[in-house]
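Trainee: how would this look folded up:
(chains A, B and C, ligands or ions: 4)
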Amino acid sequence: MKTVINNYIREEMFPNIWCPGCGNGIVLGAIIRAIDDLKWDKNKIAMISGIGCSSRITGYVDFCTMNTTHGRALPFATGIKMANPNMKVVVVMGDGDCSAIGGNHFIHAARRNIDLTAIIINNMIYGMTGGQYSPLTPTKKFGTTAPYGNIDQSFDLVKLAKAAGASYVARGTVYHVRQLTSLIKKALNKKGFSVVEIISDCPISYGKMNKMRTVVDMLKWIKDMSVSKKAWEDLSPEEKKEKFVIGEFLDIDRPDYTELYSKVMEEAQKMGVSR
Amino acid sequence: MKENKLIEIYQNDSVKISVRKEWCKACGICIEFCPKDVLAADEQGKPIPININECIKCSLCELRCPDFAITVEGGE
Amino acid sequence: MNKLKRNVELLQGNEACVKGAILSGVRFFAGYPITPSSEIAEGMARLLPQIGGKFVQMEDEIASIAAVIGASIAGFKSLTATSGPGFSLKQENLGFAIISEIPCVIVNAQRGGPSTGLPTKPSQGDMMQARWGTHGDHSIIALAPSTVNEVLTLTIKAVNFSEKYRTPVILLLDEVIAHMREKVEIPAPEEVEVINRKKPTVPPEEYFPFKPDQNGIPPMANFGEGYRYHITGLIHNQKGLPTSNPQEIDSFIRRINNKIQENVKDIIIYEKYFLDDAKIALIACGSVARAAERTVKLAREEGLKVGLLKLLTIWPFPSEEVNRLAQQVDLIIVPEMNLGQMVLEVERASRGNCEVVSYSRVDGELINPIEILGKIQEEIKK
Ligand SMILES: Cc1ncc(C[n+]2csc(CCOP(=O)(O)OP(=O)(O)O)c2C)c(N)n1
Ligand code: SF4
Ligand code: SF4
Ligand code: SF4
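Mentor: Ligands and ions are numbered 1, 2, ... in the order given. Sure thing, here's the model as predicted:
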């Protein structure tokens, strides 16, 4: 049973450490299939992650991989991309990783529009540490640190990324796998900062706290809660609050940071000689 | 039909479904979301095709498997 | 002598750091502004793009050191510079560079602390933070220049050590050294010894990214050069993959410590002034060593047998040298711009062989030669 997947994984690391049905594995498959479609040279791909269950993803793929510190994957990736703009740099983060401890790095990477692809696996909870609420836990849902229901307002990562200056922004889910693979592929191909937020399942931490005991319950919930952009428009404000809108939200072209910096280098070299 | 201990292979004239049992964690995703109810759970909760002739080779089971434990070959 | 292109320039300490970094091959800088280190960032922003290097101002110091580590993995010699509050923020990823064995240099122009402290005043309050600031067992290399010329030479050393030992190296300046101007002889590029990280000699299939060579240091493949492997802040095996095997854990932790501890002969740099016949020794570093040097002259004029051990390498601590000194002299005085940090190491290294006393000043003012002399006279009278 050889598939494209086998060409990209470190087989000795399997079976993976994730819980049965964890969405991280589905995302891993989607990323690999998207990269395989693009026929990129594995030697030129760097995949960088932070800390969390989702960030374990980098251990499983046969690229240049790095599992960094909690929230900091984007600045590490920024250094790699600046030093070697020929590398394709993919950054995978959890929702807490990206939007809590890494929130500042996220908006600044978007602002610079540096040519990285940020993939955020949003299971709406801190999975690895056992189910505490995150900045993406919906209001009124439960976490081990929100035993009476979450009173925080959650971020809308799509809006945040757009406002901060990204070039491509999309949201998919682990249920809608085909669409997910194509969104990831478009994001990878985009020059500039591209973002794909993926609504994912964490049956162990999120599911357990929120009356979805099984993996299947969780995936059904994600399926039922997801609506296309078009369908979303017709919903009432109350209904809108509950739903995950999926699809593409931004796809624009503007110069990326490494390109702009190479212009700085040209300029500096001219001035340096005349000095 | 068995290829070896680790991978169970089921096939008919047009499709071959393989299950890598040592990687499968019996999450049930492939079974629940198969549009044609091709798969059922064995005593461990791992998939066995009980209606392989119904399989439309949509590959959704393979795409959604978080553990790369089920593959569908043939046609497309 | 043949004619090398040597220039004598009047430079600020921070400018000398920039020159030294560039001479040693640094081509990437990421930083965040903070007094008294900002001139390093400013110099890098101007010079690096002229010579094919890259500069980026990041959103904070955590991001700056992360970018520096990333650039180093992609093959650029990299440096970041900061001061107290920023040095605190860098501790997290300093640990990452240690565990993943990524060469890089962190300059800390020390100012008074804790917290915002005294932004424009010198201090030596970060001696122990440089050693133990990041959590967990680890070794570290930290160098401390006391002249602008030494800023240049020790920056080069710092970059070379980081490449040779695959480890982050800390350069401890203080506000005075960072900002004062002195004549510096800039070596011609061909004079400068430049050490580059050892690359793997085996093909990618045979490469174990964390398998040490005979010196305990694994050859390092840069990302993008055909070697695909994993880097992690988790304790890892020789393949770079996380491990929970007690034996692998133990040998890993010991190796990343030993690769520095076993090379102290190469790493430790110090200078001796009038120590041959000394009965009283001063041990000092950074801008305090300048005052101490002057004190030695004043004391000798009074017929006192005083000498100075000026430490250029702070970590690993030159314990052997201090121990030898303790056997020779009756008294060691350790003047420091802190409440007595280095003196603790001196006491430890002296093993009771002589008396060790601290002279500390924490009011943001420089220690001057006269007050050290006063301390000597006071101790003699006791
Ligand atoms: C600086 C720091 N703070 C806290 C932690 C503990 N920690 C590990 S993973 C994690 C959160 C993980 O949640 P998320 O980013 O959403 O990823 P998931 O595990 O859900 O995939 C935390 C808080 C840490 N490793 N480092
Ligand atoms: S705790 Fe949640 S996120 Fe972590 S592996 Fe388990 S299911 Fe996945
Ligand atoms: S989806 Fe994969 S892991 Fe889950 S039951 Fe099916 S084959 Fe097993
Ligand atoms: S390929 Fe489609 S129809 Fe066939 S078993 Fe898988 S999910 Fe069912």
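
Trainee: mind listing the helices for chain B?
Mentor: With DSSP state H as the criterion, chain B has helices at B:29-33, B:60-64.

Trainee: With mean pLDDT and mean neighbour count as extra columns, can I get the ones you listed in TSV?
Mentor: The way it works is simple: take the backbone N, C-alpha and C, and place the C-beta from them, glycine included. Formatted as TSV, these follow (pLDDT from 0 to 100; neighbours: other Cβ atoms under 10 Å in any protein chain shown):
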stretch	mean pLDDT	mean neighbour count
helix B:29-33	98	23
helix B:60-64	98	22
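
Trainee: how close does the residue of chain C found nearest chain B sit to residue C:235?
Mentor: Of all residues in chain C, residue C:241 sits closest to chain B, at 17.6 Å by Cβ to the nearest Cβ. According to Cβ to Cβ, to the nearest Å, residue C:241 stands 10 Å off from residue C:235.

Trainee: Over to residue A:271?
Mentor: Applying Cβ to Cβ, the value for residue A:271 to residue C:235 is 48 Å.

Trainee: So for the two, which residue has more residues nearby?
Mentor: For residue A:271 versus residue C:235, neighbours defined as other Cβ atoms under 10 Å in any protein chain shown are more numerous around residue C:235 (17 against 12).

Trainee: okay, the lowest-mean-pLDDT helix or strand in chain A in CSV with CA atoms only?
Mentor: When each helix and strand of chain A is scored by mean pLDDT, DSSP states H and E, helix A:237-242 comes last, with a mean of 87. Extracted C-alpha coordinates of helix A:237-242, given in CSV (Å, rounded to 0.1, in the frame of the first residue of the first chain):
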residue,chain,number,x,y,z
PRO,A,237,-26.6,37.4,13.1
GLU,A,238,-27.3,34.9,15.9
GLU,A,239,-26.7,31.9,13.6
LYS,A,240,-23.5,33.5,12.2
LYS,A,241,-21.9,33.6,15.6
GLU,A,242,-22.0,29.8,15.9
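
Trainee: Who does the helix or strand following that helix pair with, and is each partner parallel or antiparallel?
Mentor: Using DSSP states H and E, the next helix or strand after helix A:237-242 towards the C-terminus is strand A:244-251. According to DSSP bridges, strand A:244-251 forms sheet pairs with strand A:168-173 (antiparallel), strand A:226-228 (parallel).

Trainee: How about residues contacting strand A:244-251?
Mentor: Applying Cβ atoms under 8 Å, 6 or more residues apart in numbering or on different chains, the external contacts of strand A:244-251 come out as A:158, A:161-162, A:166-173, A:176, A:179, A:183, A:186, A:190, A:199, A:222, A:225-229, A:232.

Trainee: What residues of that strand count as buried?
Mentor: Going by neighbour count (16 or more other Cβ atoms under 10 Å in any protein chain shown), the buried part of strand A:244-251 is A:244, A:245, A:246, A:247, A:248, A:249.

Trainee: for stretch A:16-25, same thing?
Mentor: Neighbour-count burial for stretch A:16-25 [16+ other Cβ under 10 Å]: A:16, A:18, A:19, A:20, A:21, A:22, A:23, A:24, A:25.

Trainee: How far does the helix or strand containing residue C:255 sit from its chain's centre?
Mentor: Using DSSP H and E, residue C:255 falls within helix C:246-261. Mean-position distance between helix C:246-261 and its chain equals 22 Å (Cα atoms, centre = their mean, to the nearest Å).

Trainee: partner strands of the host helix or strand of residue A:91, parallel or antiparallel?
Mentor: For residue A:91, the host element (DSSP H and E) is strand A:88-94. As defined by DSSP bridges, the strand partners of strand A:88-94 come to strand A:45-49 (parallel), strand A:117-122 (parallel).

Trainee: Looking at chain B, which residue is nearest ligand 1?
Mentor: Proximity of chain B to ligand 1 (Cβ to the nearest ligand atom) peaks at residue B:66, 13.0 Å away.

Trainee: now that residue: how far from residue A:219?
Mentor: The value you get for residue B:66 to residue A:219, if Cβ to Cβ is used, is 11 Å.

Trainee: swap in residue A:247?
Mentor: Noted for residue A:247: a distance of 19 Å to residue A:219, by Cβ to Cβ.

Trainee: which stretches of the chain aren't confidently modelled?
Mentor: As the question left the chain open, I've gone with chain A. For chain A, applying pLDDT under 70 flags the ranges A:273-275.

Trainee: Not quite, go with chain C.
Mentor: C:1-5.

Trainee: What residue in it comes nearest to chain A?
Mentor: Closest to chain A within chain C is residue C:70: 2.6 Å, counting by Cβ to the nearest Cβ.

Trainee: Tell me how many other residues surround that residue.
Mentor: For residue C:70, using other Cβ under 10 Å, the count is 34.

Trainee: Contacts only, for it.
Mentor: Counting by Cβ under 8 Å, 6+ apart, residue C:70 makes contact with A:48, A:75, A:76, A:77, A:78, A:79, A:80, A:81, A:82, A:83.

Trainee: Out of these, name the ones that lie in helices.
Mentor: Within the contacts of residue C:70, residues falling in helices by DSSP H are A:75, A:76, A:77, A:78, A:79, A:80, A:81, A:82, A:83.

Trainee: and the second one, how many residues sit next to it?
Mentor: A count of neighbours around residue A:76, defined by other Cβ under 10 Å, yields 32.

Trainee: Would you mind confirming that it makes contact with residue C:67?
Mentor: Yes: the pair residue A:76 / residue C:67 is scored as a contact, 7.0 Å apart, by Cβ atoms under 8 Å.

Trainee: OK, now which residue of the stretch 1-150 of chain A is nearest to ligand 3?
Mentor: Closest point on the stretch 1-150 of chain A to ligand 3, by Cβ to the nearest ligand atom, is residue A:21, at 6.3 Å.

Trainee: Give the buried residues for the lengthiest helix in chain A.
Mentor: Looking across chain A with DSSP H, the single longest helix is helix A:257-274. Buried residues in helix A:257-274, counted by 16+ other Cβ under 10 Å: A:257, A:258, A:261, A:265, A:268.

Trainee: what does stretch C:30-48 give?
Mentor: Residues of stretch C:30-48 classed as buried by neighbour count (16+ other Cβ under 10 Å): C:30-32, C:34, C:36-45, C:47-48.

Trainee: What of stretch A:178-190?
Mentor: By neighbour count on 16+ other Cβ under 10 Å, the buried set for stretch A:178-190 is A:179, A:180, A:181, A:182, A:183, A:184, A:185, A:186, A:187, A:188, A:190.

Trainee: possible to save the residues you listed as TSV with secondary structure?
Mentor: Below are those laid out as TSV (DSSP: H, G, I helix; E, B strand; the rest coil):
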residue	secondary structure
A:179	helix
A:180	helix
A:181	helix
A:182	helix
A:183	helix
A:184	helix
A:185	helix
A:186	helix
A:187	helix
A:188	helix
A:190	coil
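
Trainee: wait, residue A:119 sits on residue A:89?
Mentor: No: counting by Cβ under 8 Å, residue A:119 stays clear of residue A:89, with 11.5 Å between them.

Trainee: Assign a three-state SS to residue A:108, would you?
Mentor: Secondary structure of residue A:108, per three-state DSSP, is helix.
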